[in-house]
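Trainee: Predicted structure and sequence below. I'll ask about it afterward.
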Amino acid sequence: MRLVICDMRAEDGRPRDPTVFLNTNLVGARPISESKSIKSGVYVIRCVTGKVYVGSAVDIAQRWHVHRWSLANGKHHSRHLQRAWDKHRPDAFEWSVLETVPIDGLTTEESKQLLLDREQHHIDANDAVRRGFNLCPKASSRLGVKYSDESRAKIKAAQNNRSPEHQAKIRELCLRNAEANLGRKHIPEAIAKTVAAHQARKRSKETRANISASIRGRKLSEEQRAKMSAFHRGRKHSPEHAAKVAEAN
């Protein structure tokens, strides 16, 4: 089924809520919100250049509204799609449903996973990352996203210019999380996955030197020392761990 969105604008020129229709012939068309059969699924935003953006949603009409608003205000998360929108304008884009995904009777997590699985299928089938507007090779994950030097500089500047209040909130949140997990025991499968992930992770000499420099000379408050002492007090290491520590020293 082919879907389009009308580009409705208010008298002052600002974008209104887009009206979504079931047919390209707008005479007598009905809003998509009235059709429960196509409410959830995988959709595509296709430009006249042939490039596409693939996404999925529990409510496609609502998600399209968010896309339209973000693009109209120059705030879309896909910089490639935003540039194309600014260059070619709204009339150059077609909004279509690739696949409807029934989620009735499924839990929230099951619905999300099913939609992401189907979205991933269509991202791969349409080569939507290499030849399209999608930034993430994996649906709903930033893994594999390549940032420009300008973006890296902006992220670094934002992290280095945090206010004292912001830094204090971050420290408080970290302490709360640490206290919440105090005494928590992980299942063997989770422990094995964590160990494997750490063992497979390789840090460069520069990274190790930076970590060492940041820790060296760091002064802990009496409260922090007391919490660390209480955490380690009475803790018993396995013979294997004790042997590794002895070997390292």
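Mentor: That came through fine.

Trainee: Could you list the low-confidence segments of this structure?
Mentor: The model of the chain has pLDDT under 70 over residues 1-38, 141-147, 249.

Trainee: How many residues are close by S229?
Mentor: For S229, the neighbour count with other Cβ atoms under 10 Å is 9. Glycine gets a C-beta too; all of them are placed from N, C-alpha and C.

Trainee: dump the residue contacts of it.
Mentor: Residues near S229 by Cβ atoms under 8 Å, 6 or more residues apart in numbering: none.

Trainee: Shouldn't it be within a strand?
Mentor: No. Assessed with DSSP: H, G, I helix; E, B strand; the rest coil, S229 is helix; it does not lie in a strand.

Trainee: For I215, see how far away it is.
Mentor: Per Cβ to Cβ, to the nearest Å, S229 is found 18 Å from I215.

Trainee: One more: A92?
Mentor: Distance from A92 to I215, by Cβ to Cβ: 54 Å.

Trainee: ok, now E223?
Mentor: E223 is 19 Å from I215, by Cβ to Cβ.

Trainee: Who has more neighbours out of A92 and I215?
Mentor: A direct count of neighbours by other Cβ under 10 Å for A92 and I215 places A92 higher, at 13 against 8.

Trainee: So that one is in contact with V48, correct?
Mentor: Yes. A92 is in contact with V48 according to Cβ atoms under 8 Å; the separation is 4.5 Å.

Trainee: Find the residues that touch each one of these two.
Mentor: Common neighbours of A92 and V48, using Cβ under 8 Å, 6+ apart, do not exist here.

Trainee: quick one, strands of the protein?
Mentor: Ranges of strands in the chain, per DSSP state E, are 4-6, 19-21, 41-47, 52-57, 93-100.

Trainee: Adjacent strands (with direction) for the fourth one?
Mentor: Translated: strand 52-57. The sheet places strand 52-57 alongside strand 41-47 (antiparallel), with pairing taken from DSSP bridges.

Trainee: Of the strands of the chain, give the one that comes closest to K193.
Mentor: strand 52-57 (26.9 Å; Cβ to Cβ).

Trainee: Only the C-alpha atoms, please, for the closest one, written as PDB.
Mentor: Output of strand 52-57 as PDB, limited to C-alpha atoms (Å, rounded to 0.1, in the frame of the first residue of the first chain):
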ATOM      1  CA  VAL A  52      16.000   6.500   1.100                       C
ATOM      2  CA  TYR A  53      15.600   6.600   4.900                       C
ATOM      3  CA  VAL A  54      14.200   3.500   6.500                       C
ATOM      4  CA  GLY A  55      12.600   3.400  10.000                       C
ATOM      5  CA  SER A  56      10.000   1.600  12.100                       C
ATOM      6  CA  ALA A  57       7.400   2.600  14.500                       C
END
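
Trainee: L98 is in contact with S56, correct?
Mentor: No. With contact defined as Cβ under 8 Å, S56 does not reach L98; the gap is 9.1 Å.
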